[in-house]
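**Student:** Fold the following, please.
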Amino acid sequence: MRLANAELFRVIKADLSVLEEALLEAVASPVLLIREVGTHLVASGGKRLRPALFLLAARSGPAFDRERAMPLAVALELIHMASLVHDDVIDSADTRRGSPTANAKWSNQIAVLSGDYLFAQAFSLMTGKHYGEAIAMRMATLVRELASGEILQDSALFQAEHDIEEYEQRIEKKTANFLALCCEMGAIVSGAAAEVAKGLYLYGHAIGMAFQITDDLLDITGDAAKLGKPAGNDIRQGVVTLPVIRAIEVSPQREELAAILRDREMSEAMVARALSIVRASDGVDFAQRRANEQIQKAKAALPEEIPAAVREAFMQAADYISRRDF
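**Tutor:** Reported below is the predicted structural model:
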């Protein structure tokens with residue numbers, strides 16, 4: 001179920017409906033295979049969190065214009081989709097959200113090129129809209145930070161020695177900066193005051209941190225059927241997340257856990273054992289507390305000046321992130 005369908009964003013319900021139509025238009029192509037891949041990716045769903053936050057922030061300022069804002073909202077979701085397509089190739093993933101990945105359905109080559117196409121299409125949607133240098137620079141920063149976060153993560157795979165500072169830097173680049181910039185750009189294109197844009201940036205950053213911590217928690221505690229991917233997938237791929245970092249610090253079985261994390265040929269039994277060790281420690285509770293701290297920080301950052309209905313939707317989105325189970 002998409003975030004948009006969870007009745008969290010009633011204030012932008014009509015905007016999100018237009019977004020879905022615009023996404024399908026954006027992936028249309030005279031090249032049949034490109035159209036097939038793009039339509040598959042859009043139909044596979046997603047929470048649409050990034051464009052939803054952008055559109056919500058766009059309704060925070062005095063000059064909201066749906067026609068002007070929508071191409072940028074679509075571009076943000078296309079960039080997110082493209083990054084996931086590339087991630088799935090890197091991870092050799094077969095499913096995402098319960099549907100076959102592009103690389104599994106077609107091939108790695110088609111998936112990589114389709115991701116490239118989506119990136120190009122995202123930036124082409126911005127041409128001629130006169131968003132200005134401030135938006136162009138933020139879009140470039142967004143993609144650069146996404147790539148940096150993935151490079152940081154992939155350079156440290158199957159290493160058991162991580163600290164919280166390194167982990168937070170990684171998820172900041174992968175997720176938090178993306179959501180922060182979505183919120184800030186929404187404020188900018190709607191003519192919101194600088195202080196409003198700053199407050200929404202801080203809100204987006206904090207819920208981005210919470211979102212990624214929660215995502216990493218779900219890999220330890222979640223239901224594979226709801227997640228659309230197997231539990232323990234991060235461990236299986238050599239990605240060490242916050243609950244695992246904490247378990248290595250405090251668990252009596254820390255050496256056994258570290259040995260599993262370093263093993264590039266780990267079996268399913270080893271993955272299950274690693275999950276058992278993490279769950280037996282206070283790693284899950286520790287990570288949940290950190291996520292909750294970020295949620296409270298996000299709520300505190302929300303500007304008082306924004307419309308009441310918009311502010312309430314931002315509050316509800318923060319609460320949703322803290323309790324989501326998929």
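
**Student:** and the gap between the closest residue to residue 93 other than its chain neighbours and residue 51?
**Tutor:** Excluding its sequence neighbours, the residue lying closest to residue 93 (C-beta to C-beta, 6 or more residues apart in numbering) is residue 101, at 5.1 Å. In this view, the C-beta of every residue, glycine as well, is placed from N, C-alpha and C. Summarising the geometry, the distance separating residue 101 from residue 51, computed by C-beta to C-beta, to the nearest Å, is 21 Å.

**Student:** Which of those two has more residues huddled nearby?
**Tutor:** Shown here are residue 101 and residue 51; by other C-beta atoms under 10 Å, residue 51 has more neighbours (30 against 24).

**Student:** which helices and strands does the host helix or strand of that one pack with?
**Tutor:** Following DSSP states H and E, the helix or strand that holds residue 51 is helix 49-58. With contacts defined as 3 or more C-beta pairs under 8 Å, 6 or more residues apart in numbering; DSSP states H and E, the packing partners of helix 49-58 are helix 13-26, helix 66-91, helix 177-189, helix 194-221, helix 308-323.

**Student:** Including mean pLDDT, mean neighbour count and distance to residue 156, could those helices go into JSON lines?
**Tutor:** Converted to JSON lines, the helices and strands packed on helix 49-58 look like this (pLDDT from 0 to 100; neighbours: other C-beta atoms under 10 Å; distance: least, C-beta to C-beta, whole Å):
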{"stretch": "helix 13-26", "mean pLDDT": "94", "mean neighbour count": "16", "distance to residue 156": "33"}
{"stretch": "helix 66-91", "mean pLDDT": "93", "mean neighbour count": "22", "distance to residue 156": "14"}
{"stretch": "helix 177-189", "mean pLDDT": "97", "mean neighbour count": "27", "distance to residue 156": "19"}
{"stretch": "helix 194-221", "mean pLDDT": "96", "mean neighbour count": "23", "distance to residue 156": "14"}
{"stretch": "helix 308-323", "mean pLDDT": "91", "mean neighbour count": "18", "distance to residue 156": "25"}
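
**Student:** Take those and lay them out in a markdown table including distance to residue 33.
**Tutor:** As requested, the helices and strands packed on helix 49-58 are exported to a markdown table (distance: least, C-beta to C-beta, whole Å):
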| stretch | distance to residue 33 |
| --- | --- |
| helix 13-26 | 16 |
| helix 66-91 | 14 |
| helix 177-189 | 28 |
| helix 194-221 | 31 |
| helix 308-323 | 36 |
